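# Could you look at this predicted model? Sequence included:
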Amino acid sequence: MELLFIGYTGHDADLIKKAFESDGRKCAINFSVNLSEAGKAVQAREYDLYIAEYRLPDGKGIDFLNDGSGSVRPLIITFNELIDDGESASPALDFVKKTDSSLRAMPGIVMRALHKWALSRDNVQLHQEILDRKWMEDTLKRINEKFKNLVANIPGVVFQRAFDRNWTMYFISNEAEKITGYKPSDFVKDYNVVYSNIIHPNDFDMVSETISSNISLKKPYSVEYRILHSEGSIRWVNEMGQGIYDDDGHIQWIDGSIFDITDRIQAGRELSIAKDAAESATRSKTEFLARMSHEIRTPLNIISGFAELALEPGTDYLKNDYIKSIKESADYMLMIINEILDFSKIEAGEIVIEPVNFDLRSLVESLVKNFSIMAGKKGIFIDLKYHEGLGTRFSGDETRIKQILMNLLGNAVKFTESGGVTLSAEPYHNEDGFSPGSPGGWPILFTVHDSGMGVPQEDIKIIFEKYKHAARRGKKDFRGTGLGLAICRKLVELMDGNIWVESSLSKGSSFKFTLKLGPWKDSDVISSPETGFTEAEKRVPLRILVAEDNPVNIKLMTRLLEKIGDMPETALNGREVIDMLQKKTYGLVIMDMEMPVMNGIEAAGMIRKGAAGEDNSTIPILMITGFVHPEAARLCSEVGIDGYLIKPVSIKILTSAIHRLKDRLANRHTCDDLSDTGAVHE
């Protein structure tokens with residue numbers, strides 16, 4: 001399109017040029033300073049449109065309207081002064097007040113004037129060309145906007161680049177800044193960053209080979225690699241691309257996209273770690289179950305074998321030895337079961353820490369005395385170092401502290417072949433400055449040191465994990481559940497303490513834990529580590545009704561009660577208990593929880609409701625069960641049972657339970673587990 005501007009110079013001409021450059025329309029812009037020069041210009045060629053100032057050095061711009069042959073030129077007039085009414089009515093296409101703003105808007109003014117000219121001259125072809133041009137411009141504008149929106153909404157980087165080693169970018173979308181930290185202009189316009197330089201050096205050759213091999217086969221490619229973010233971090237990306245080829249099959253450029261897959265890679269790694277951990281846990285549990293099968297079958301085999309030998313005729317002189325072996329195997333099997341159940345309770349959050357008054361020095365002295373027999377058989381010593389300034393009277397969960405120390409001392413004696421074991425208790429001074437007498441309790445450090453072969457450093461980190469056995473004495477000893485140290489750790493943590501091990505091969509091990517024990521409470525009764533009754537605690541014999549459906553258990557309970565001086569009578573189920581209570585007076589009822597016809601829970605509930613007579617509705621009831629679960633305590637409490645024992649029941653446990661039950665009959669709103677001779681658990 002050819003345009004001739006008449007009378008515009010200097011600043012005005014610059015504004016017009018810039019306006020058309022910014023607009024992007026392909027227009028040839030020509031300038032004449034006056035009418036005379038414009039006349040010469042039109043003799044050389046015709047223009048599509050003329051734009052003239054109203055006042056010119058050699059006349060008025062409106063004078064250029066007529067071409068001398070009676071025709072009218074397409075003319076726009078700009079003015080800075082009033083125009084005569086006659087002139088404003090001339091067929092000029094437009095009159096525009098000349099300002100900087102109107103000059104900047106000149107491309108639009110020109111298009112409007114040409115449209116008017118085409119209509120006024122009935123120039124259909126020109127009119128159509130103008131309309132087509134306008135339609136194409138609008139269409140291109142809409143397409144450009146859609147392309148921008150499409151690229152902006154793609155969740156990744158869209159690019160077009162050369163197929164070269166530097167990955168020269170022709171175009172890269174704004175998403176590049178999110179993934180790389182660099183602006184798109186850094187890659188395309190300013191070339192401050194070469195994309196190939198931000199590919200991780202260890203990945204570059206692999207990426208280049210993958211892309212080159214696919215381009216040579218004219219196939220699309222997909223490759224995952226790392227890039228170096230501008231802030232120094234490493235990001236994982238997935239690049240997908242396709243070569244664009246000419247008619248001869250030569251590569252022209254590559255179109256593609258890049259997606260940030262860092263989160264996916266990280267999630268995959270975490271999933272892999274979790275999968276490995278789950279598989280490891282499954283293997284550990286499988287190994288644990290296999291080991292427990294061995295640990296339980298071994299004492300069962302001993303019990304069965306020695307029982308069979310004891311029944312052989314002519315072996316009376318060996319019976320005591322056989323029975324001793326049976327008892328030791330049964331105790332070991334019970335220890336295995338108790339460790340499994342203890343850990344199950346801890347993991348289920350069913351262990352409650354119960355502080356009582358106790359003498360710490362008496363407790364540790366008793367433990368050392370008990371383990372001295374086991375140590376003596378191995379030819380090693382066991383010592384106690386009790387700090388003189390520590391004091392002796394504290395408040396804490398004596399039963400759980402004893403359980404921890406027994407486990408650590410048992411391991412120390414077991415894994416020491418020469419030298420010995422030392423148990424020490426002393427004030428604990430840590431970085432917080434705790435010392436005996438600090439507010440809130442006395443921090444105490446317990447140490448069990450042995451002179452064994454020690455624990456390898458790689459095993460120290462797993463030694464307190466469940467189902468794990470660490471190597472000791474140069475080999476692994478798998479005897480036991482592998483739960484002992486895990487239980488110790490859990491119990492110490494429940495009492496807000498810490499436990500750890502310090503060990504060197506061939507120099508022994510020191511297992512240490514800290515606890516903050518509370519002050520002695522004068523209103524409480526002392527708990528002693530020794531069990532049994534004093535002379536003052538002895539009681540008169542009781543007539544006891546025992547209900548049990550297993551004949552062997554009936555025989556056992558009868559003998560145990562007779563041994564401690566009571567008078568037992570037996571029933572086979574809860575129905576018989578109610579019938580016998582109606583006919584005779586008893587001081588205590590002991591029932592098994594699971595029985596045919598009527599179980600212990602049902603019978604106790606009916607007794608409390610008066611089914612055995614009003615006088616018997618408050619009779620003490622002791623339940624015996626193999627059901628180790630909080631549900632047992634709940635069931636017992638709901639029907640008003642006074643206490644329960646968990647099988648197996650020894651003579652010491654039974655004696656202690658009956659005695660303590662007598663002192664608790666005034667408080668029947670709870671049902672107590674009386675199996676532990678050291679404490680009553682609410």
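Structure received. Keep in mind that this is a model prediction, so the values were computed, not measured.
# which helices and strands does the helix or strand containing residue 590 pack with?
Taking DSSP states H and E as the definition, residue 590 sits inside strand 588-592. If you count contacts as 3 or more Cβ pairs under 8 Å, 6 or more residues apart in numbering; DSSP states H and E, strand 588-592 packs onto strand 543-547, helix 574-583, helix 600-608, strand 621-625. C-beta here means a position set from N, CA and C on the backbone, and glycine is covered the same way.
# List the neighbouring strands of it plus their orientation.
The strands beside strand 588-592 in its sheet (DSSP bridges) come out as strand 543-547 (parallel), strand 621-625 (parallel).
# do you know which of those lies nearest residue 521?
Of all those, strand 621-625 sits nearest to residue 521, with 29.1 Å by Cβ to Cβ.
# quick one: that closest one to helix 600-608, angle?
With axes from the mean of the first three to the mean of the last three Cα atoms, to 10 degrees defining the directions, strand 621-625 sits at 170 degrees from helix 600-608.
# can you list the residues that contact strand 621-625?
Applying Cβ atoms under 8 Å, 6 or more residues apart in numbering, the contact partners of strand 621-625 are 548, 588-594, 600-601, 604, 607, 632, 636, 640-647, 649, 657-658, 661, 671, 674.
# Just the buried ones among those, please.
Buried members of the contacts of strand 621-625, counted by 16 or more other Cβ atoms under 10 Å: 548, 588-593, 600-601, 604, 607, 632, 636, 640-646, 649, 657-658, 661, 671, 674.
# and the end-to-end length of stretch 424-443?
End-to-end distance for stretch 424-443, by Cα to Cα, to the nearest Å: 14 Å.
# ok, now stretch 589-601?
Terminal residues of stretch 589-601 are spaced 12 Å apart (Cα to Cα).
# next one: it to chain centre, how far?
Centre-to-centre, stretch 589-601 and its host chain are 46 Å apart (Cα atoms, centre = their mean, to the nearest Å).
# can you give me the helices in the stretch 201-350 of the chain?
Along the stretch 201-350 of the chain, counting by DSSP state H, counting those that start in this stretch, helices occupy 201-216, 262-310, 319-347.
# returning to that earlier point: columns mean pLDDT and distance to residue 457 on top of the strands paired with strand 588-592, output as JSON lines?
JSON lines is the format used below for these (pLDDT from 0 to 100; distance: least, Cβ to Cβ, whole Å):
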{"stretch": "strand 543-547", "mean pLDDT": "94", "distance to residue 457": "56"}
{"stretch": "strand 621-625", "mean pLDDT": "90", "distance to residue 457": "45"}
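# and those as JSON lines, adding distance to residue 331 and mean neighbour count?
Listed next are the strands paired with strand 588-592 as JSON lines, based on distance: least, Cβ to Cβ, whole Å; neighbours: other Cβ atoms under 10 Å:
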{"stretch": "strand 543-547", "distance to residue 331": "24", "mean neighbour count": "22"}
{"stretch": "strand 621-625", "distance to residue 331": "19", "mean neighbour count": "25"}
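# Strands of the stretch 551-682 of the chain, start to end?
In the stretch 551-682 of the chain, the segments counted as strands under DSSP state E, counting those that start in this stretch are 567-571, 588-592, 621-625, 643-646, 672-673.
# What separation do you get for residue 391 and residue 495?
Counting by Cβ to Cβ, to the nearest Å, the separation of residue 391 from residue 495 is 18 Å.
# How about residue 94?
96 Å.
# So for the two, which residue has more residues nearby?
A direct count of neighbours by other Cβ atoms under 10 Å for residue 94 and residue 495 places residue 495 higher, at 19 against 16.
# Could you report the separation of the more buried one from residue 162?
Distance, residue 495 to residue 162, by Cβ to Cβ: 70 Å.
# and what of residue 613?
104 Å.
# cool, and residue 605?
89 Å.
# Which of these two has more residues huddled nearby?
Taking other Cβ under 10 Å, residue 605 and residue 162 do not tie; residue 605 has more neighbours (17 against 14).
# Next up, the contacts around the nearest residue to that one once chain neighbours are set aside.
Nearest non-adjacent residue to residue 605, counting by Cβ to Cβ, 6 or more residues apart in numbering: residue 639, 4.0 Å away. By Cβ under 8 Å, 6+ apart, the contact list for residue 639 reads 601, 604, 605, 608.
# what do you get if the cut-off is 10 Å, keeping everything else the same?
Residues near residue 639 by Cβ atoms under 10 Å, 6 or more residues apart in numbering: 600-609, 621, 623, 671.
# For residue 32, state which of the residues you listed is nearest.
Nearest to residue 32 among the contacts of residue 639: residue 671, at 115.2 Å, using Cβ to Cβ.
# Mind pulling up the pLDDT for that closest one?
pLDDT for residue 671: 59.
# Extract the residue ranges of the stretch 201-350 of the chain that are flagged as low pLDDT.
Applying pLDDT under 70 to the stretch 201-350 of the chain picks out residues 284, 286-298, 315, 317.
# about what we covered before: could you export the helices and strands packed on strand 588-592 as TSV, including distance to residue 244?
Listed next are those as TSV, based on distance: least, Cβ to Cβ, whole Å:
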stretch	distance to residue 244
strand 543-547	92
helix 574-583	89
helix 600-608	82
strand 621-625	81
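# closest to residue 458 out of these?
strand 621-625 (43.6 Å).
# and residue 162, how far is that from residue 187?
According to Cβ to Cβ, residue 162 and residue 187 sit 12 Å apart.
# Need the residues touching each of the two.
Counting by Cβ under 10 Å, 6+ apart, the contacts common to residue 162 and residue 187 are 168, 169, 170.
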